[in-house]
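**Q** Pasted the sequence and its predicted model underneath.
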Amino acid sequence: MKYENDLVSIIMPSYNSRKYIQESIHSVLQQTYKNWELIIVDDCSSDGSQVLLQELEKEDKRIQVFYEKENGGAAVARNKALQQAKGRFVAFLDSDDRWKPNKLAVQIAFMKQNQYTFTFTAYEYMSEEAALLGKIVYAPKEVTYQDMLKNTIVGCLTVVIDQKKTGPFQMPDIRTRQDLATWLSILKKGYRAYGINEVLAEYRVGNISISGNKWRAAQKTWYVYRQVENLNLIKATWCFSHYAFHAVRKRL
């Protein structure tokens with residue numbers, strides 16, 4: 001596949017997100033970097049999201065919406081969006097999160113200047129009502145495969161990947177933590193993820209968040225270690241202990 005240079009394909013899964021998705025889309029429309037396409041896959045919503053999306057799609061030709069007939073989960077929705085992506089760069093934004101207006105401009109410039117394949121940024125927590133909580137997850141300068149096993153610090157809403165270098169990719173079909181499994185699969189090939197320690201995204205916490213259930217997230221992280229990465233019990237336990245420590249510290 002030939003990718004359009006400098007075009008950013010933004011991947012957004014949507015499920016019963018009518019309450020927040022307009023705000024998320026608005027943060028894309030406000031980007032100072034204009035060469036993007038927003039690919040939304042609605043995962044069989046039942047809250048009126050589809051009517052709203054149909055209206056928003058008409059307002060900007062860069063927005064494309066696909067509608068699933070059955071609920072398949074975030075991985076299925078993201079993979080369908082990835083299959084439609086025409087951009088050299090792929091970014092991810094969930095339907096309840098937001099970007100700062102200069103997010104893409106800063107990140108794409110950073111990637112092109114340094115010839116980086118995989119980048120991410122710092123982000124801040126916000127409440128369900130969109131109030132910033134003053135809790136920031138800072139971005140280290142560099143993350144390797146081994147680093148990621150011990151500290152899942154890379155926020156999906158901040159990631160941009162140059163798929164001209166990685167080639168097309170898909171996420172594992174698991175209900176949660178498919179983003180972690182994807183980052184690990186890319187880093188395992190020898191790539192490194194480079195961080196921009198600037199808050200360029202805002203992550204909404206609350207019941208709607210698929211990772212809101214921390215116990216379930218921990219279980220799925222263990223699943224990724226054992227079933228996806230095939231780590232032996234000792235290595236998985238060692239990595240999980242580091243993951244748990246960093247997860248608690250991140251939320252203090």
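**A** Thanks, I have it. Just so it is clear, the structure is predicted and the values come from calculations on it, not from any experiment. Residues are numbered from 1 along each chain as shown.
**Q** who does the helix or strand containing residue 51 touch, helix- and strand-wise?
**A** Assigned by DSSP states H and E, residue 51 falls within helix 49-59. Using 3 or more CB pairs under 8 Å, 6 or more residues apart in numbering; DSSP states H and E, the elements in contact with helix 49-59 are helix 18-29, strand 36-42, strand 63-67. Backbone N, C-alpha and C define where each C-beta goes, glycine included.
**Q** relative to strand 63-67, how tilted is the next helix or strand after the shortest one?
**A** I take that to be strand 63-67. Going down the chain from strand 63-67, the next helix or strand is helix 74-84, by DSSP H and E. Calculated by axes from the mean of the first three to the mean of the last three CA atoms, to 10 degrees, helix 74-84 forms an angle of 130 degrees with strand 63-67.
**Q** Direction included, what does whatever helix or strand comes next after helix 74-84 pair up with?
**A** Once the chain leaves helix 74-84, the next helix or strand it forms, by DSSP H and E, is strand 87-92. Sheet pairing of strand 87-92 (DSSP bridges) gives strand 4-14 (parallel), strand 160-162 (antiparallel).
**Q** before we move on, the earlier item: next, the angle from the helix holding residue 51 to helix 18-29.
**A** Interaxial angle of helix 49-59 relative to helix 18-29 (the same axes, to 10 degrees): 20 degrees.
**Q** Go through helix 49-59 and flag the buried ones.
**A** For helix 49-59, a neighbour-count test (16 or more other CB atoms under 10 Å) marks 49, 50, 52, 53, 56, 57 as buried.
**Q** Kindly report the same for stretch 137-144.
**A** 137, 139, 143.
**Q** Please name the residues that touch the residue found closest to the second one once you drop the neighbours it is linked to in the chain.
**A** Same thing as residue 139. Leaving aside its chain neighbours, residue 139 sits nearest to residue 195 (3.1 Å; criterion: CB to CB, 6 or more residues apart in numbering). By CB atoms under 8 Å, 6 or more residues apart in numbering, the contact set of residue 195 is 119, 120, 121, 122, 139, 140, 141, 142, 143.
**Q** Dump those to CSV, plus distance to residue 92.
**A** CSV is the format used below for these (distance: CB to CB, whole Å):
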residue, distance to residue 92
119, 12
120, 10
121, 12
122, 16
139, 15
140, 19
141, 21
142, 20
143, 16
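**Q** Return the subset of those residues lying in strands.
**A** Within the contacts of residue 195, residues falling in strands by DSSP state E are 119, 120, 121, 122, 142, 143.
**Q** so where's the longest helix in this protein?
**A** helix 233-251 (DSSP state H).
**Q** which one of the contacts of residue 195 is nearest residue 189?
**A** residue 143 (14.0 Å; CB to CB).
**Q** which residue packs closest to the closest one, ignoring adjacent ones?
**A** Among residues not flanking residue 143 along the chain, residue 193 sits closest, at 4.2 Å (CB to CB, 6+ apart).
**Q** Please name the bridge partners of the one you found.
**A** residue 118, residue 143.
**Q** one step back: make a markdown table from the contacts of residue 195 and add pLDDT and distance to residue 183 to it.
**A** A markdown table is the format used below for the contacts of residue 195 (pLDDT from 0 to 100; distance: CB to CB, whole Å):
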| residue | pLDDT | distance to residue 183 |
| --- | --- | --- |
| 119 | 98 | 12 |
| 120 | 98 | 9 |
| 121 | 98 | 14 |
| 122 | 98 | 16 |
| 139 | 97 | 13 |
| 140 | 96 | 14 |
| 141 | 97 | 16 |
| 142 | 97 | 13 |
| 143 | 97 | 8 |
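**Q** Let me know the closest of those residues to residue 108.
**A** Of all those, residue 108 sits closest to residue 119, with 9.0 Å by CB to CB.
**Q** Sounds good, over and out.
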